[in-house]
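**Q** Would you be able to build a 3D model of this:
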Amino acid sequence: MLDPVIAPLAHVGGGVFEPLQILSPLAALTAYWVRARTLARQGRPVPAWRMACFAAGIALILAALVSPLAHIGGELILAHMAQHVMMADLAALLIVLGLTGPLLQPLLATRVARRLRVLAHPVVAFVLWAADLYVWHLPGLYQAALGSEPVHTLQHGSFVLFGFTMWLALLGPLPQPEWFGNGAKLLYIVGVRLTGALLGNIFLWSGSVFYPDYRPGQASWNLSPLQDQGAAGTIMMIESSIVTVVLLGWLFLKTARESEERQELLELATARGLELSERRAARAVASGRGDELRRRLERAAVG
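**A** As a prediction, this is how the structure comes out:
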């Protein structure tokens, strides 16, 4: 008889191959590579760190889908939750960091993309992401994904899509509403993290079993349903806390950098005898066009 500690390892199994799920990330990686090569030939190369972020995001999605984690995800909620965290949160974040305006230009020129740009509006993105997160964790839908590859593909695809649009609204290269400044971004980050943390706490502290279909797998791993469920909530809470700290640090540095750049522009305008309102300087810096405004001021002064 196997030792109770060793026995669960026999259930790790190999990877999982579900063609429907891996087709989209591979297609996205191919399209990205082709567009990046085109931009490089045009003398507009994509920064290496952005390409690395995009590749890492796709790699995380593929790892979540085809590694032994995917096999265990059919037996334990905690493993399935780890899959979702990897794809919908971390991978989606990395993919957004890998994007630039020139990369998206051909896509954004299409009629469909122009109509779908509303999905990247902060309010729309947040509401759809939160609704998607909670709806898919309803017992009926969550357990339906366990027994059907098409439903499972739809579940994972929607997690990645709405995770992507949620991060795109915050960190993407698309123009943002004027009201969505650093203060609003802070509230956005807090809102997203609290929404995820609430679900994590429900898993962690609930005394009810949400997904009884996992019982056979939980028994094979010597875990009770509530232990497995609580561990899934803990994974959500830990990942959410780490990402929140990183994002708040990024926002602090961004705010400090923009404040310094805005002040430099105002001082440059004053020194050259040019009129520049603080609002215009702030708007240019927030949109990433501070250098462009600086060149305009310098040309105006010379003229």
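
**Q** ok, Asp78 - contacts?
**A** Check again: residue 78 is Leu, not Asp. Applying Cβ atoms under 8 Å, 6 or more residues apart in numbering to Leu78 gives the contacts Asp228, Ala231, Ala232, Ile235. All C-beta atoms are positioned from the backbone trio N, CA, C, and that covers glycine.

**Q** so what's the second one closest to, chain neighbours aside?
**A** Leaving aside its sequence neighbours, Ala231 sits nearest to Leu78 (Cβ to Cβ, 6 or more residues apart in numbering; 4.1 Å).

**Q** tell me the pLDDT at the one you found?
**A** Looking at Leu78, its pLDDT reads 95.

**Q** Use 469 as the first number for this chain going forward.
**A** In the new count, where the first residue is 469, that last one comes out as Leu546.

**Q** separation between Ser676 and Ala599?
**A** 22 Å (Cβ to Cβ, to the nearest Å).

**Q** nope, Arg503 is what I meant
**A** Between Arg503 and Ala599 the computed distance is 31 Å (Cβ to Cβ).

**Q** Also Ala700?
**A** 20 Å.

**Q** For Gly756, give its distance to Leu596.
**A** In terms of Cβ to Cβ, Gly756 sits 26 Å off from Leu596.

**Q** Same question for Tyr500.
**A** Separation of Tyr500 from Leu596 (Cβ to Cβ) stands at 24 Å.

**Q** on that earlier part again, pick out whichever of Ala700 and Ala599 has more residues nearby.
**A** Ranked by neighbour count (other Cβ atoms under 10 Å), Ala700 and Ala599 place Ala700 first, with 27 against 11.

**Q** looking at it, that one is touching Ile545, isn't it?
**A** Yes. Between Ala700 and Ile545 there is a contact under Cβ atoms under 8 Å: 4.4 Å.

**Q** For the strand or helix carrying Leu537, enumerate the helices and strands it packs against.
**A** Using DSSP states H and E, Leu537 sits in helix 536-540. Contacts defined by 3 or more Cβ pairs under 8 Å, 6 or more residues apart in numbering; DSSP states H and E place helix 536-540 against helix 545-552.

**Q** Which positions in the helix it packs on come out as buried?
**A** Using 16 or more other Cβ atoms under 10 Å as the test for burial, helix 545-552 gives Ile545, Leu546, Ala547, His548, Met549, Ala550, Gln551, His552.

**Q** possible to save these as CSV with distance to Ala538?
**A** Supplementary listing: these in CSV, determined by distance: Cβ to Cβ, whole Å:
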residue, distance to Ala538
Ile545, 14
Leu546, 13
Ala547, 8
His548, 9
Met549, 13
Ala550, 10
Gln551, 7
His552, 11
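
**Q** ok, those residues vs Ala750, which is closest?
**A** Using Cβ to Cβ, His552 comes nearest to Ala750 of the buried residues of helix 545-552, at 37.9 Å.

**Q** So what's the residue count around the residue nearest to that closest one when sequence neighbours are not counted?
**A** Closest residue to His552 apart from its sequence neighbours, by Cβ to Cβ, 6+ apart: Phe627 at 5.7 Å. Using other Cβ under 10 Å, Phe627 is surrounded by 22 other residues.

**Q** Help me confirm that Phe627 comes into contact with Ala556.
**A** Yes. Contact criterion Cβ under 8 Å: Phe627 and Ala556 qualify, at 3.7 Å.
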